[in-house]
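Participant: How does the following fold in three dimensions:
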Amino acid sequence: MTAPLSSPALHRPRPKVAIIGAGPGGLAAAMMLAASGARVTVFEKDGVVGGRTRTLTTDEGYKFDLGPTFFLYPRILKEIFSRCGADLEQEVDMRRLEPQYRLTFEKGGTATHIEASADLERMEAAIAQLSPKDAKGLRPFMEENRAKLAAFRPVLERAFSTAADMIRPDMIKALPLMKPWSTVDKDLARHFSDPRVRLAFSFQTKYLGMSPFKCPSLFTILSFLEYEHGIFHPIGGCGAVSVAMAKVAERLGAEIRLNSPVDRIGFEGRRANGVEIGGVRHEADAVVVNADFAHAIPRLIPDHLRKGWKDKKIGQAKYSCSTFMLYLGLDRELPELAHHNVLLSEGYQENINQIERGEIPEVPSLYVQHAGATDPTMAPKGHSALYVLIPVPNLIKQPDWPAQAARYREIALDRLKALGLPDLRPHIKYERVVAPQDWESDFAVGYGATFNLSHELPQMLLFRPGNRFRDVEGVYLVGGGTHPGSGLPVIYEGARITTGLMAQDLGLASAPSRPTPGGDFASATPAAAYAPER
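Facilitator: As a prediction, this is how the structure comes out:
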């Protein structure tokens, strides 16, 4: 036999990849790149992994999700774990919630509650409480959005690098179903006449930090995904998923360095060649930026190297709203609350208009998570950990936030009474406030815009910062600031797109992490089967 010729390509050193940030996108990229054979080092500025998808733990024994509070459409993450030789359901104890959440509508001084259920018969009955004639619109809505997701999913699963990507066959096929001329609320009006019913299927645009009255109609798929695929709670909080991802990445050989803030990306000409931390250069063949786009890019990459996203353009871009947060540890249980609770004020649309004008709503809508309804690990026995979120203007729209935070804390506590709660002030044993200025200063969120760049059509697809960052060479993006956008399942999909591009560029193995049989996460335990001990 003839011996094979030796080839330098067969013995090429494994590429070195530096990842800036251990948020959901950075961790997903670390897992897949390590599984593909790269030498991966993750540099995280904080002392924990997860970014905003972390669990806050207090000395008093309370635990809170910092940002995201549930998992939607976990199929994508399940596929990523499978691609990396792991099983999400073995790594994380996920509980499917049923009912999914409780909606409270204020009108004329009274409140109406409905339990949102993934059981379509139950949901039709709940809709009939608000508007009997609208109940018949549920199934057509589901059928239409099932087709919409099927048509648009290929578009969300690939990169947009050149103008030609905007006219590929999958895009042309999906465009009529996208209805770019319409909004979420207008699209829902074809199925539901009652504004409250439309809100039940459109408040989910808050996951993008956008108004249903302006958000592109594509995003009716958000509420569809909830009812089609379920809402899940990871026992221990969403940070448990981040911790599991970090463990899988490390098992595959990735190194995660905590308390390691990156000062800048190093360049040779226009090509990235590493990162700098405290004056020390760490060489790399490619750099992945998982940090918040608006906050990080002006600090990491010199303005003169950026053609498409200079500081001026970043400053003039459109950003999502911010959020005013209360994390409350209480010395009482809260049987009055469901796991997820959404209070929709009678002035919901005016709330949104106020936020867009930079005004702080005085009678705001809000969201409350009471994870203890499902998960007894979140607070000591007999106590509760309460998470309160109010959409508010970001720091561009409302620069005077620091002067407003103390006053707004009182408004938030008073608004909880609309959910049937008494005054909770005497029961507070732990409290933390995170206002827009705190998102920026403590968590490096540009302009306090919690959901990153907004998802208006001029900032989507090719017009969003590219997964392969087009301004320089060797820099890639993951996270809410790049395509496809923000929200956990979308960020995970974005990490798949980015690592696929890197596999091409770096000559890595790129085994697919695309849908596999049984990938719908159907075997997760329903919350109804889990009775927390008290």
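Participant: Leaving aside the residues adjacent along the chain, what's closest to residue 380?
Facilitator: Closest residue to residue 380 apart from its sequence neighbours, by Cβ to Cβ, 6 or more residues apart in numbering: residue 61 at 4.4 Å. (C-beta placed from N, C-alpha, C; glycine too.)
Participant: Show me which residues of stretch 282-299 are buried.
Facilitator: 282, 284-298 (16 or more other Cβ atoms under 10 Å).
Participant: lowest-confidence helix or strand of this structure?
Facilitator: strand 525-526 (a mean of 36; mean pLDDT, DSSP states H and E).
Participant: Report how many residues lie close to the nearest residue to residue 347 once chain neighbours are set aside.
Facilitator: Closest residue to residue 347 apart from its sequence neighbours, by Cβ to Cβ, 6+ apart: residue 363 at 6.1 Å. Close neighbours of residue 363, defined as other Cβ atoms under 10 Å, add up to 15.
Participant: List the residues that contact residue 363.
Facilitator: If a contact means Cβ atoms under 8 Å, 6 or more residues apart in numbering, then residue 363 has 345, 347, 351, 415 as its contacts.
Participant: wait, is it part of a strand?
Facilitator: No - judged by DSSP: H, G, I helix; E, B strand; the rest coil, residue 363 forms no part of a strand; its state is coil.
Participant: Phi and psi next, for it.
Facilitator: Main-chain dihedrals, residue 363, degrees, to the nearest 10: phi -120, psi 70.
Participant: And it, how far from residue 335?
Facilitator: 26 Å (Cβ to Cβ, to the nearest Å).
Participant: and what of residue 470?
Facilitator: Counting by Cβ to Cβ, the gap from residue 470 to residue 335 is 53 Å.
Participant: Also residue 351?
Facilitator: 28 Å.
Participant: tell me which residues of stretch 335-348 are tucked away?
Facilitator: Within stretch 335-348, the residues that count as buried by 16+ other Cβ under 10 Å are 337-348.
Participant: Point out where this protein drops to low pLDDT.
Facilitator: Low-confidence segments of the chain (pLDDT under 70): 1-12, 510-534.
Participant: can you do 50?
Facilitator: Along the chain, segments meeting pLDDT under 50 span 1-9, 512, 515-534.
Participant: list the contacts for residue 379?
Facilitator: 61-63, 329-330, 372, 385.
Participant: how about a cut-off of 10 Å?
Facilitator: Applying Cβ atoms under 10 Å, 6 or more residues apart in numbering to residue 379 gives the contacts 58, 60-64, 329-331, 333-334, 370-372, 385-386, 429-430.
Participant: cool, and residue 362?
Facilitator: Contact analysis of residue 362 by Cβ under 10 Å, 6+ apart lists 347, 351, 354, 408, 411, 415.
Participant: Quick one: the helices in the stretch 251-400 of the chain, in order.
Facilitator: Counting by DSSP state H, counting those that start in this stretch, the stretch 251-400 of the chain has helices at residues 293-300, 311-316, 348-357.
Participant: so which of those helices comes closest to residue 102?
Facilitator: When the helices of the stretch 251-400 of the chain are ranked by distance to residue 102, counting by Cβ to Cβ, first place goes to helix 348-357 at 16.2 Å.
Participant: does residue 233 really touch residue 70, like I thought?
Facilitator: Yes - contact status for residue 233 versus residue 70: in contact at 5.8 Å, counting by Cβ atoms under 10 Å.
Participant: shared neighbours of those two, anything?
Facilitator: With Cβ under 10 Å, 6+ apart as the test, residue 233 and residue 70 both reach 97, 339-340, 369, 371.
Participant: can you redo the residues you listed as TSV with distance to residue 47?
Facilitator: Formatted as TSV, these follow (distance: Cβ to Cβ, whole Å):
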residue	distance to residue 47
97	31
339	29
340	29
369	24
371	23
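Participant: Pop out the phi and psi values for residue 155.
Facilitator: phi -70, psi -40.
Participant: Next, the contact list for it, please.
Facilitator: Per Cβ under 10 Å, 6+ apart, neighbours of residue 155: 165-166, 168, 170-171, 173-175, 178, 218, 461, 483-484.
Participant: Please list only the buried members of those residues.
Facilitator: By 16+ other Cβ under 10 Å, these give 170-171, 174, 178, 218, 461, 483-484 as buried.
Participant: Now, those residues that are in strands?
Facilitator: Judged by DSSP state E, the subset of the buried ones among the contacts of residue 155 located in strands is empty.
Participant: would CSV of the residues you listed with distance to residue 48 be doable?
Facilitator: Formatted as CSV, the buried ones among the contacts of residue 155 follow (distance: Cβ to Cβ, whole Å):
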residue, distance to residue 48
170, 39
171, 39
174, 39
178, 38
218, 34
461, 33
483, 27
484, 26
